[in-house]
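K.L.:
coords below, sequence missing:
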């Protein structure tokens, strides 16, 4: 399962059934879980942990030092990747920095397409999709089931909530609330991510409640505080609305504005 040309440091830990392709390098402090497949010409640098049954394709750089001028061989810098992720060709995922808690973290069952970059201290949840050439600056957070269209760029410290969706070539400089679709440079809110929610199995009544919440937030000309007050009155038996309100109230950068029609 290990190609003869691969270089495996004695300090690396490989689980059962791990395969390493030709000319790949696995450095000290790297841990690879059972059944993970590493393609050819991949470089993994520790401290980095990959969970079970991940697939890493050719020419990826996983766990390299952060692209941060303030970084100076911080021993606490690390990368943690969960289970069942697909990381396609030429992706780069950097370790964390002390200024961001020391860790870059990728959850499980994510689909990261070719040429994507995940910078230091990013946190990605589960079941996210990053289409080709998506780029995350440092300290970005992606919620579960986020979808980034190709060539999306996300400014540092931005957050995208659960099931947020960005159109192709979107430039994100503010937080994107859960369940919201955005587009453009700079990105503007367009609608609720209705198709994504249907595919996740959300009930029709929940989707309709989120659509009403979107109109309250973006279409009625209310101040943000007044819109949040009205959303709080709409929560009822729709916990997703509570998530939306909590996300917006926690925003430090502010949320994306509405698309100009």
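P.N.:
Structure's in. What do you need? Since the structure is predicted, the reported quantities are computational estimates derived from the model, not experimental observations.

K.L.:
Could I get the pLDDT score of the spatially most central residue of the chain?
P.N.:
Nearest to the centroid of the C-alpha atoms of the chain, with distances taken as Cα atoms, centre = their mean, sits residue 124, at 3.4 Å. Reported pLDDT at residue 124 in the predicted model: 98.

K.L.:
what does residue 238 give?
P.N.:
In the predicted model, residue 238 carries a pLDDT score of 89.

K.L.:
for it, what are its contacts?
P.N.:
Contact partners of residue 238, counting by Cβ atoms under 8 Å, 6 or more residues apart in numbering, are 205-206, 209-210. The way it works is simple: take the backbone N, C-alpha and C, and place the C-beta from them, glycine included.

K.L.:
quick one: residue 147 and residue 165 touch, right?
P.N.:
Yes: taking Cβ atoms under 8 Å as the definition, residue 147 is a contact partner of residue 165 at 4.8 Å.

K.L.:
Of those two, which one has the most company?
P.N.:
residue 165 (26 against 22; other Cβ atoms under 10 Å).

K.L.:
Around residue 90, how many other residues sit close by?
P.N.:
18.

K.L.:
Quick check: of the contacts of residue 238, which lies closest to residue 193?
P.N.:
Of all those, the one sitting nearest residue 193 is residue 210; the distance, using Cβ to Cβ, is 8.8 Å.

K.L.:
now that closest one: how far from residue 241?
P.N.:
In this structure, residue 210 lies at 7 Å from residue 241, with Cβ to Cβ, to the nearest Å as the measure.

K.L.:
what does residue 51 give?
P.N.:
Residue 51 is 33 Å from residue 241, where distance means Cβ to Cβ.

K.L.:
Please apply the same query to residue 40.
P.N.:
Taking Cβ to Cβ as the measure, residue 40 falls 48 Å from residue 241.

K.L.:
And for residue 85?
P.N.:
In this structure, residue 85 lies at 30 Å from residue 241, with Cβ to Cβ as the measure.

K.L.:
okay, and for the stretch 51-200 of the chain, where does confidence drop off?
P.N.:
Along the stretch 51-200 of the chain, segments meeting pLDDT under 70 are nowhere present.

K.L.:
And the helices in it, which stretches?
P.N.:
Counting by DSSP state H, counting those that start in this stretch, residue ranges of the helices within the stretch 51-200 of the chain are 194-199.

K.L.:
Show me the strands in the stretch 151-261 of the chain, by range?
P.N.:
Chain-ordered strands for the stretch 151-261 of the chain, with DSSP state E, counting those that start in this stretch as the definition, fall at 153-154, 159-160, 165-166, 171-172, 180-183, 188-192.

K.L.:
Report the distance from the second one to the chain centre.
P.N.:
The reference is to strand 159-160. 9 Å (Cα atoms, centre = their mean, to the nearest Å).

K.L.:
who's in contact with that strand?
P.N.:
If you take Cβ under 8 Å, 6+ apart as the criterion, strand 159-160 is touched by 140-143, 146, 148, 154, 166, 172, 175-176, 247, 251, 253.

K.L.:
about what we covered before: and the contacts of residue 238, which is closest to residue 70?
P.N.:
Nearest to residue 70 among the contacts of residue 238, counting by Cβ to Cβ, is residue 210 at 40.1 Å.

K.L.:
Residue 161 and residue 143 touch, don't they?
P.N.:
Yes: assessed by Cβ under 8 Å, residue 161 is found in contact with residue 143 at 4.7 Å.

K.L.:
Need the residues touching each of the two.
P.N.:
For the pair residue 161 and residue 143, residues contacting each of them under the criterion Cβ under 8 Å, 6+ apart are residue 178.

K.L.:
quick revisit: just flag the most distant two among the contacts of strand 159-160.
P.N.:
Pairwise distances among these were taken by Cβ to Cβ; the largest, 18.8 Å, belongs to 148 and 251.
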